[in-house]
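Participant: Any chance you could fold what I've pasted below:
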Amino acid sequence: MNGHPSYGEGVSQQEPFRVRIKVRQYELDSLGHVNHAVYHQYGEVARLELFEKAGGMEKELLASGISPVLLESHIVYRRELRAGDEVDVTCRATFGEGKVFWMQNEIFKLDGTLSAEIKCTLGLMDLTKRKLVPAPRERIVEAGLDLDLLCGTV
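Facilitator: Below you'll find the model as predicted:
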């Protein structure tokens, strides 16, 4: 797996979805490395790209009046990123019971160095009622999105 760590017990050990991003000068803070908030933006880029590749949110999800909503985000910084670095940002979803699901990102330098880990809690919001809907996994499947791709098991 390209020097990357394994991704969870009891889950197919396929490569997760990934997107490549180049660090830009304007994303740096006064210390000369990527501003903390930008790491979250990189994770968001990967999440949105993954949803799009899995079938797109505009199709059945938005047509049925629901959309993913970010509820919580936690990041662990491992190694700094600097201007000109290129990174691969992975993304995969996990589901359990209840109204929420989770998406994890790992940000790797091209040499395989882990720069950050992001864990997010999400839900599917009813855009009319402004409340979370139950069973997000089932709603995503009903909307025709590729659950195997979202979970990184293909």
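
Participant: Name the SS class of the closest residue to E106 other than its chain neighbours, please.
Facilitator: Of all residues not flanking E106 in the chain, T90 sits nearest, at 4.7 Å (Cβ to Cβ, 6 or more residues apart in numbering). Just so you know, the C-beta spots here come from the backbone N, C-alpha and C atoms, and that holds for glycine as well. For T90, the assignment made with DSSP: H, G, I helix; E, B strand; the rest coil gives strand.

Participant: next one: the one 3 residues further on
Facilitator: At A93, secondary structure determined by three-state DSSP is strand.

Participant: need the longest helix for this protein.
Facilitator: In the chain, taking DSSP state H as the definition, the longest helix is helix 36-53.

Participant: Keeping just the C-alphas, turn the least confident helix or strand in the chain by mean pLDDT into CSV.
Facilitator: Taking mean pLDDT, DSSP states H and E as the measure, the helix or strand of the chain with the lowest value is helix 60-63, at a mean of 84. Output of helix 60-63 as CSV, limited to C-alpha atoms (Å, rounded to 0.1, in the frame of the first residue of the first chain):
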residue,chain,number,x,y,z
GLU,A,60,-31.1,11.7,-5.7
LEU,A,61,-29.8,13.1,-2.4
LEU,A,62,-30.5,16.7,-3.2
ALA,A,63,-33.6,15.8,-5.2
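
Participant: next SSE after it?
Facilitator: Using DSSP states H and E, the helix or strand that follows helix 60-63 in sequence is strand 66-77.

Participant: Which parts of that following strand count as buried, going by neighbours?
Facilitator: Of the residues in strand 66-77, 66, 68, 73, 75 count as buried by neighbour count, 16 or more other Cβ atoms under 10 Å.

Participant: Report the distance from that strand to the chain centre.
Facilitator: The gap between where strand 66-77 is centred and where its chain is centred comes out at 8 Å by Cα atoms, centre = their mean, to the nearest Å.
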